[in-house]
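# got a sequence here, can you build the structure:
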Amino acid sequence: MKERDTVIKPNVVKQLFFTIIGTFIAAIGVRLIVVSGLGADAISTFVLGVLQHAPLKFGTVSMLFNGIILVIIFFYDRKMIGFGSLINSFGLGFCLNILDWLGILHTIPSGTGYFSIVAGSIIFGIGTGIYLLADAGSAAYESLMILLKRVLKSSVKTARIVLDALIFLTGFLLGGHIGFGTLIVLLLMGPSLELTLNHLPKLSFFRIQEAK
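Residues are numbered from 1 along each chain as shown. Prediction:
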């Protein structure tokens, strides 16, 4: 009798778990970055700029921003969107609003700004890495980067630099703060993300592909 071929499929439960946990961890990282007052990542700079003109919560603006991007991506290439895209895009803002509601990380002790932004950058990278390990759809910002890459016919690196520059500039013009901490985020977030993607899959728990 011919043996049945082994089929490798993703574990949907793990995908869902990593998407939610990764998004929540990333939200904590974003919050630590923002409360440092030393600068922020591109999206947070944009959101802080919008908040200068609209009486909304940080998380609410984040959800609106990501929601608009997902609508654009849906009509451009809906294959990039999965259930993880929706959870991350709206869940990040939801988690930020929960932290606000609970009164967590509204302020930090005086003199701990650099510690906050360093820790936040690393935590943000780890959370993003865990989300990406779920492989459940591109996040809104990453989808926009891919769209820009196709439009410019450039490398991923070039598309990311151009996109970040545009978002940073828009946020700055709206009143968002760009400081030395912004450089810290750019230097630490990427390496922590890369380390997460390279090392966590070595642990069986963080592998979502399973034989069926």
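# can you give me the strands in this protein?
In the chain, the strands defined using DSSP state E lie at 8-10, 209-211.
# not counting sequence-adjacent ones, nearest residue to residue 33?
Distances taken as Cβ to Cβ, 6 or more residues apart in numbering put residue 120 closest to residue 33, at 3.8 Å, once the chain neighbours are dropped. C-beta coordinates here come from the backbone N, C-alpha and C atoms, glycine included.
# can you point me to the longest helix in the chain?
Counting residues, the longest helix in the chain under DSSP state H turns out to be helix 12-36.
# quick one: buried residues of that one?
Neighbour-count burial for helix 12-36, counted by 16 or more other Cβ atoms under 10 Å, picks out 14-15, 18-20, 22-36.
# what about that helix, average pLDDT?
For helix 12-36, the mean per-residue pLDDT is 89.
# mind checking pLDDT for the residue nearest the centre of the chain?
The centroid of the chain falls nearest to residue 128 when counting by Cα atoms, centre = their mean (5.3 Å). For residue 128, the pLDDT comes out at 86.
# state the distance from it to residue 114.
Distance, residue 128 to residue 114, using Cβ to Cβ, to the nearest Å: 21 Å.
# rewinding a little: what about the residue nearest to residue 33, neighbour count?
Applying other Cβ atoms under 10 Å, we find 29 residues neighbouring residue 120.
# about what we covered before: helices or strands up against the longest helix of the chain?
helix 42-51, helix 83-102, helix 113-133, helix 180-199 (3 or more Cβ pairs under 8 Å, 6 or more residues apart in numbering; DSSP states H and E).
# one step back: mean pLDDT for the strands of the chain: which is lowest?
Of all the strands of the chain, the minimum mean pLDDT falls on strand 209-211 (a mean of 58).
# okay, now the residue lying closest to residue 121 once chain neighbours are set aside: neighbour count?
With sequence-adjacent residues excluded and distances taken as Cβ to Cβ, 6+ apart, residue 121 is closest to residue 188, at 3.8 Å. Residue 188 has 19 neighbours, counted by other Cβ under 10 Å.
# please renumber so the chain begins at 46
OK, 46 is where the count begins now, so the last one is residue 233.
# so what's the closest residue to residue 237 other than its chain neighbours up against?
Closest residue to residue 237 apart from its sequence neighbours, by Cβ to Cβ, 6+ apart: residue 170 at 3.0 Å. Counting by Cβ atoms under 8 Å, 6 or more residues apart in numbering, residue 170 makes contact with 74, 233, 234, 235, 236, 237, 238, 239, 240, 241.
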